[in-house]
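Engineer: Sequence and predicted model, in that order:
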Amino acid sequence: MPAVTQVTTEFVKQYWAPLLCGFAIVAVLPLIVGYVVLVERKIMADMQARLGPMRVGPHGLLQPIADAVKLLIKEDIIPEDADKLVFWLAPVLSVGAALLAMAGLAIGPAFQIAKDINIGILFVVGVSALGIFGIVLGGWASNSHYSLIGALRSSAQLVSYETAAGMALVSGLLFAGTLNVTSIVQAQYDQGIWFGLLAPVAFFTYLVASIAETNRAPFDLPEAESELVAGYMTEFSGFRWSLYFLAEYTNMIVVASVATTLFLGGWLRPFPRTHWLDFLDFLPMVLMTGIGIYCLLRVPKQPARVQQLFMLAVAGMCFAAAFVLAAPVLVPFFKLSLIAAVKPYHDGILGGFWFIFKVSWYIYFFMWLRFTLPRYRFDQLMRLGWHFLIPLSIINVLVIGVAMILGSHFHLEGWQLLLTTIPASILALIIALFILTAEQKSEPQRASGAASDTYA
Amino acid sequence: MLDQVIFYLFSALAVVSAILTVTRRNVVHSAIFLITALLATAGIFLQLRAEFLFIVQIILYVGGIMVLFVFVIMLVNLDVAVRQLRFARQKWVALLISLALAAQVGLMLWSTGKMPGQGVPVLSAVPADKLPPNSEEVAKSLFSSYLLPFEIASVLLLVAMIGAVVMAKRRA
């Protein structure tokens, strides 16, 4: 079969680098997600004045691995009346869409799987939206009422909030003038300001809409455990359930990355063009060394031998990370061949740190909201989406456009654009609030919350 | 060579899932195969380096319209639809029309290269890095040469949207 080998070699030759990165992401992401879950449980515990997981490994550091093993060896139950094929397909679809969206993201200037695609951010948004089919079909295939209602809620919620999120992205993209992820960050470097500051209302809208899109509290109606057992996931158990979980957390990372890229300056450090702040480049190294030293100090306090060893390993990993992060900033002082070898990736290493740093803060904010706010009722959720966020985002696109025209008329650049965009954003907020109150006055019986809703 | 393999892969996927869309008894299965067919078409767009068309196909058809389709299908009583006989009405009219369409496409493909100015236009290949950025080009042509059709289409959609809202309000 010479034709087959020819095609295979051609394929491998052209696509070996993205393939390798793709495999790496698929292999590492479950681990990362496991630790995000651990961090979430720890933060929840902290906010509720508890300790959280403490038993497996020092401070519960091995908990994600124990959980993964438990989920893998659990009995795989498929309901008798379920649609077997769709039941099998649905979780895979959810995870697949979420993972595919990762391909379009640029983590630092050097790390991007699908390099320099023209449609950049549209690809990420469009492909990650496909994950909804996993939820809807999974809910339908389980042949259970709780699952079906969860699935219906989820699709209604996603369709409603996608509009708001899309319009919010448009406001940000107006400043960038391109869809390409790399160029968007470059535009923020050139203009010397994050687009999140230029379009704060758009950032706020995207923040709220992205929480709703990832089905997170306070908008986690599709899996509201007090009413729907677990929503669309009710009939799923073991590994299939964990696939849904993986998809949800991957989606969180994806929306956080989109927001970071467009609104928070991507991989740029704060004030990238202010040279007296150059010492910020040392911050990643100092931070990792500090964590490493702290871990070393905690080693003697661990109760068991294994836990001591594990703590040592964590400290070692922190020092290794610190060394990698130190390489770019220490080049001018030392002429080590090892440091010089990674020279082409210097911007990438520091940039990757700042990108992940910002994404972490965004996700932390999600968790913070989850443990602070009570869950919305479904009709409240719909009213917030349709009566407030969508008008707000559409008006915001309009006024931001006008503000940009005014700005170019008066030759404003970078920071000076705030003079026009901030009043414009406030104006958009006022108009949207006015629409909301007018709506409530005209429909008093609905506003009282007595209305019944088909999907509630 | 690789391009051809990818093209035939996506085409086969699109055709097979399109056939399965109309032959499946279960409406949700039909919807899944329709999604597959749309995604395969998007894949062909991407292979032709029409990135913008690719993502618009995914966002609009798969992410928007099909979500609503599935949403509505799940609210409908499926058992009735499964019991009903399909292709019962308009059998002969449908056959006639599809034959006519097939003949037309076949004629077009057949006449390519045989008669000048007829059939599928054969364009010269352009290397990928020489192509202009596609979403910018689409935007430019939409808002300059095709501004009037674009506006007419927008107004039409707006009218349809308002009409739908008005009809829904009257019923409630």
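Structural biologist: It's in. Just so you know, these numbers come straight off a predicted model, no measurement behind them.
Engineer: So what touches stretch A:195-203?
Structural biologist: A:168-169, A:171-172, A:174-176, A:188, A:259, A:262-265, A:392-393, A:396, A:400, A:417-418, A:421-422, A:425, A:428-429 (C-beta atoms under 8 Å, 6 or more residues apart in numbering or on different chains). C-beta coordinates here come from the backbone N, C-alpha and C atoms, glycine included.
Engineer: List the residues that contact the residue nearest to the spatial centre of chain B.
Structural biologist: Nearest residue to the geometric centre of chain B (C-alpha atoms, centre = their mean): B:Leu38, 6.2 Å. Contacts for B:Leu38 were tallied using C-beta under 8 Å, 6+ apart; they are B:Gln57, B:Ile58, B:Tyr61, B:Val62, B:Met66.
Engineer: Can you tell me which of these is nearest B:Ser11?
Structural biologist: Checking the contacts of B:Leu38 against B:Ser11 with C-beta to C-beta, the nearest one is B:Gln57 at 15.1 Å.
Engineer: The closest residue in space to that closest one that isn't next to it in sequence: neighbouring residues, count only.
Structural biologist: Spatial nearest neighbour of B:Gln57, chain neighbours left out: B:Ala42 (4.2 Å); criterion: C-beta to C-beta, 6 or more residues apart in numbering or on different chains. Neighbours of B:Ala42 under the rule other C-beta atoms under 10 Å in any protein chain shown: 23.
Engineer: what's the answer for B:Ala164, then?
Structural biologist: 10.
Engineer: The helix or strand hosting it and chain A, are they touching?
Structural biologist: Using DSSP states H and E, the element containing B:Ala164 is helix B:147-171. No - using C-beta under 8 Å from any C-beta of the partner chain, we find that helix B:147-171 stays clear of chain A, coming within 11.2 Å at best.
Engineer: Please state the offset of that helix from the chain centre?
Structural biologist: Centroid separation for helix B:147-171 versus its chain: 22 Å, with C-alpha atoms, centre = their mean, to the nearest Å.
Engineer: any idea of the mean pLDDT in that helix?
Structural biologist: Averaged over helix B:147-171, pLDDT sits at 89.
Engineer: Tell me the buried residues in it?
Structural biologist: Buried residues in helix B:147-171, defined by neighbour count with 16 or more other C-beta atoms under 10 Å in any protein chain shown: none.
Engineer: quick revisit: so which of the contacts of B:Leu38 wins on neighbours?
Structural biologist: B:Ile58 (25 neighbours).
Engineer: how many neighbours does the nearest residue to that one once chain neighbours are set aside have?
Structural biologist: Nearest residue to B:Ile58 in three dimensions, chain neighbours excluded: A:Gly126, at 4.7 Å (C-beta to C-beta, 6+ apart). A:Gly126 has 26 neighbouring residues, counting by other C-beta under 10 Å.
Engineer: now the one 4 residues further on
Structural biologist: Under the neighbour criterion other C-beta under 10 Å, A:Leu130 is assigned a count of 23.
Engineer: List the contacts of the nearest residue in space to it that is not next to it in sequence.
Structural biologist: Spatial nearest neighbour of A:Leu130, excluding adjacent residues (C-beta to C-beta, 6+ apart): A:Ala97 at 4.0 Å. Residues near A:Ala97 by C-beta under 8 Å, 6+ apart: A:Val127, A:Ser128, A:Ala129, A:Leu130, A:Gly131, A:Phe133, A:Gly134, A:Ala247.
Engineer: Of those residues - the most surrounded one?
Structural biologist: A:Gly131 (29 neighbours).
Engineer: so A:Val7 makes contact with B:Leu2?
Structural biologist: Yes - the criterion here is C-beta atoms under 8 Å, and A:Val7 meets it with B:Leu2 at 5.5 Å.
Engineer: quick one: is stretch A:143-155 near chain B?
Structural biologist: Yes - using C-beta under 8 Å from any C-beta, stretch A:143-155 reaches chain B at A:Leu148, A:Ala151, A:Leu152, A:Ser155.
Engineer: The third one reaches B:Val70, doesn't it?
Structural biologist: No - because the distance of 9.9 Å does not satisfy C-beta under 8 Å, A:Leu152 is recorded as not touching B:Val70.
Engineer: shared neighbours, the two?
Structural biologist: A:Val136.
Engineer: so when I look at A:Met382, I'm seeing a helix, right?
Structural biologist: Yes - under DSSP: H, G, I helix; E, B strand; the rest coil, A:Met382 falls within a helix.
Engineer: Around chain A, pick out the residues from chain B.
Structural biologist: Residues of chain B lying close to chain A by C-beta under 8 Å from any C-beta are B:1-2, B:5, B:26, B:28-29, B:32, B:35, B:51-52, B:54-55, B:58-59, B:62-64, B:66-68, B:70-71, B:74-75, B:133-135.
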